[in-house]
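Provide a 3D model corresponding to the input given below.
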Amino acid sequence: MKTFLHTLMALMVLTIIGCATGQNALDKGNYETALDRAINRLQSNPDNKKSQEVLKEGYRLAANYHMDYIRTLRVNNDPNKWEATYYQYRQLNSYYSQIQRCPACLNLVRPTSYITEEQEAGQKAAEYQLSLGNEALSTNTIEGGRRAFRHFHLALNFDRNLVNIDSLLTDARNMGTIKVLVERIPIHSRSLELTNEYFENRILEYLDGFSQGRFVQFFTRDEAEQIDLQPDQIISMVFDDFVLGQTTIESKTKIVSRDSVVVGQFKDKEGVSHNVYNTVKAELTVNRKTLSSQGVMNFEIRDAYTGRILTNRKLPSQDVWLHEWASFNGDERALNKDEIAMSKGRELPPPPPQTLFIGFVDRIYDQIIGNIRDYYRNSDL
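Residues are numbered from 1 along each chain as shown. Have a look, this model is predicted:
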């Protein structure tokens, strides 16, 4: 048993050492991990023999692997080869940078820098992405603009000093962005003076934040007219019907009682006072007034050029204002705390129509932004 435990412990120690020095990763051909572990170990323990071996053998194998890959790419006619070539040189330069920061490592290997080669490959990869982006721009379509933006953005990964790249990104984003006109929400009410300002402002504030980082932009009619904008799509929100403050009043009367309540005192023959207990009762009337506001909004997105309806939803809403008060006849001691508090209240006048309207439309807000979020979910940059 002891022999088995000693063997197990030895294997565990070897495994830990192998992981720390990078030997296990090297054996699996994972050169990046092997070199990273060996370099880290040598920075803290320059005399570690195992790490020294891993570094020397690992760098030789890694450099050969990447250079062989680069030579293969050179004879490839696929223009995407420059992207792959760039990343091969970039990895080689990563090894170079790591080893340069490890004095003990420099005594074992002499890494080669490929900065110029990486830059040249990056320039060619960027040029290819620029050509694809310009080709996409020439389609003059929303989808083409989005493809162009992604190609131009990718080009920056390879070369940060591209001429006119900001202008190209702007042109591509403008072409790929859907311009959406948000129409005012009409209110058809002859008897009530209501305003949509609060509700509309909440929606417009959300749309402004939602459009950030997306290929979609929203405009009010005033904003569209100021810049003579031709929208691609139109959002309209119209109340099919709504009713504010349908009033219902209900009154319910019940007998409430409480046992063992002190109702008096008496004195016995010795003159000692004693409490008299009995059941007390009261007739409690609870009044409940409800004002119900409800309706349906028609939410629609349509094509601004053809008028074709792209999506349409009926969004129902209901909001109930509730007030309760009470009165009683009889002994107040029969009531609990809530009933006493309610009995001290009085009937309140109903809120004004505008307050009822805001409560009603607030319940539609989440439905509207949910539909907008779903419809434009694929518009991320």
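
show me where the stretch 101-250 of the chain has helices.
Applying DSSP state H, counting those that start in this stretch to the stretch 101-250 of the chain gives helices spanning 103-106, 115-137, 142-158, 165-176, 197-210, 221-226.

Taking the chain centroid, which residue in the protein is the extreme one?
residue 269 (82.4 Å; C-alpha atoms, centre = their mean).

so residue 180 bridges to which residues?
Note on residue 180: beta-bridge partners by DSSP bridges are residue 218, residue 233.

pLDDT wise, what is it at?
Reported pLDDT at residue 180 in the predicted model: 98.

can you tell me which residues contact it?
By C-beta atoms under 8 Å, 6 or more residues apart in numbering, the contact list for residue 180 reads 216-219, 231-235, 301. The way it works is simple: take the backbone N, C-alpha and C, and place the C-beta from them, glycine included.

quick one: which of those is nearest residue 338?
residue 235 (47.1 Å; C-beta to C-beta).

wait, that closest one sits on residue 303?
No - counting by C-beta atoms under 8 Å, residue 235 does not reach residue 303; the two are 11.7 Å apart.

re the thing from before, quick one: the residue farthest from the centre of the chain is in a strand?
No - looking at residue 269 with DSSP: H, G, I helix; E, B strand; the rest coil, it is coil, so not inside a strand.

And the pLDDT at it?
For residue 269, the model assigns a pLDDT of 84.

again, but for residue 95
pLDDT, residue 95: 96.

And what about it, helix, strand or coil?
Following three-state DSSP, we place residue 95 in the helix state.

could you say what helices and strands the longest helix belonging to the chain packs with?
In the chain, assigned by DSSP state H, the helix with the most residues is helix 49-74. Helix 49-74 makes packing contacts with helix 2-21, helix 23-27, helix 31-44, helix 81-100 when contacts are defined by 3 or more C-beta pairs under 8 Å, 6 or more residues apart in numbering; DSSP states H and E.

what comes up buried for that helix?
51-55, 57-59, 62-63, 66, 70, 73 (16 or more other C-beta atoms under 10 Å).

How far does it sit from its chain's centre?
43 Å (C-alpha atoms, centre = their mean, to the nearest Å).

likewise stretch 162-178?
25 Å.

quick one on the thing from earlier: dump the helices of the stretch 101-250 of the chain to a markdown table, plus distance to residue 312, mean neighbour count and mean pLDDT.
Output for the helices of the stretch 101-250 of the chain, formatted as a markdown table (distance: least, C-beta to C-beta, whole Å; neighbours: other C-beta atoms under 10 Å; pLDDT from 0 to 100):
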| stretch | distance to residue 312 | mean neighbour count | mean pLDDT |
| --- | --- | --- | --- |
| helix 103-106 | 67 | 16 | 94 |
| helix 115-137 | 32 | 19 | 97 |
| helix 142-158 | 22 | 20 | 96 |
| helix 165-176 | 25 | 18 | 96 |
| helix 197-210 | 17 | 14 | 93 |
| helix 221-226 | 21 | 12 | 95 |
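
Compare those helices and give me the one nearest residue 82.
Ranking these by proximity to residue 82 (C-beta to C-beta) places helix 115-137 first, at 4.0 Å.

and the closest one, how far from the chain's centre?
Here helix 115-137 is found 33 Å from its chain centre; the criterion is C-alpha atoms, centre = their mean.

Low-confidence regions, this structure specifically.
Within the chain, the segments meeting pLDDT under 70 span 1-21, 188-192.

tell me the domain ranges of it?
Structural domains assigned to the chain are 2-113, 123-176, 197-262+278-375, following automatic domain parsing.

Just name the most buried of those.
domain 123-176 (a mean of 18; mean count of other C-beta atoms under 10 Å).

ends of it, how far apart?
26 Å (C-alpha to C-alpha, to the nearest Å).

switch to numbering from 57
Yep, numbering from 57; the last one is domain 179-232 now.

picking up where we left off before, wait, which of the domains of the chain is closest to residue 238?
domain 253-318+334-431 (4.9 Å).

How far off centre is the closest one?
That offset, for domain 253-318+334-431, works out to 26 Å (C-alpha atoms, centre = their mean).

Also stretch 320-332?
Taking the mean of its C-alpha atoms, stretch 320-332 sits 74 Å from the chain's own mean (C-alpha atoms, centre = their mean).

same check, this time on stretch 199-214
On C-alpha atoms, centre = their mean, the centre of stretch 199-214 falls 24 Å from the chain's centre.

distance between the ends of stretch 275-287?
Stretch 275-287 has an end-to-end distance of 9 Å (C-alpha to C-alpha).

Give me the contact list for that stretch.
235-240, 260, 360.

Over to stretch 132-148?
Contacts of stretch 132-148 (C-beta under 8 Å, 6+ apart): 88, 118-119, 122-123, 125-126, 129-130, 168, 170, 173-174, 177-178, 180-181, 184, 214.

so which two of the contacts of stretch 275-287 are the farthest from each other?
So, these by C-beta to C-beta: farthest apart are 260 and 360, at 18.4 Å.

Residue 377 and residue 401, how far apart?
15 Å (C-beta to C-beta, to the nearest Å).

same check, this time on residue 164
Residue 164 is 88 Å from residue 401, by C-beta to C-beta.

Residue 202 now?
In terms of C-beta to C-beta, residue 202 sits 61 Å off from residue 401.

Over to residue 386?
18 Å.

before we move on, what about residue 196?
If you go by C-beta to C-beta, the gap between residue 196 and residue 401 works out to 68 Å.

Residue 388 too?
In terms of C-beta to C-beta, residue 388 sits 15 Å off from residue 401.

Helix or strand: which one has the residue nearest to residue 254 when sequence neighbours are not counted?
With C-beta to C-beta, 6 or more residues apart in numbering as the criterion, residue 254 has its nearest non-adjacent residue at 6.0 Å, and that residue is residue 414. In this assignment (DSSP states H and E), residue 414 forms part of helix 409-431.
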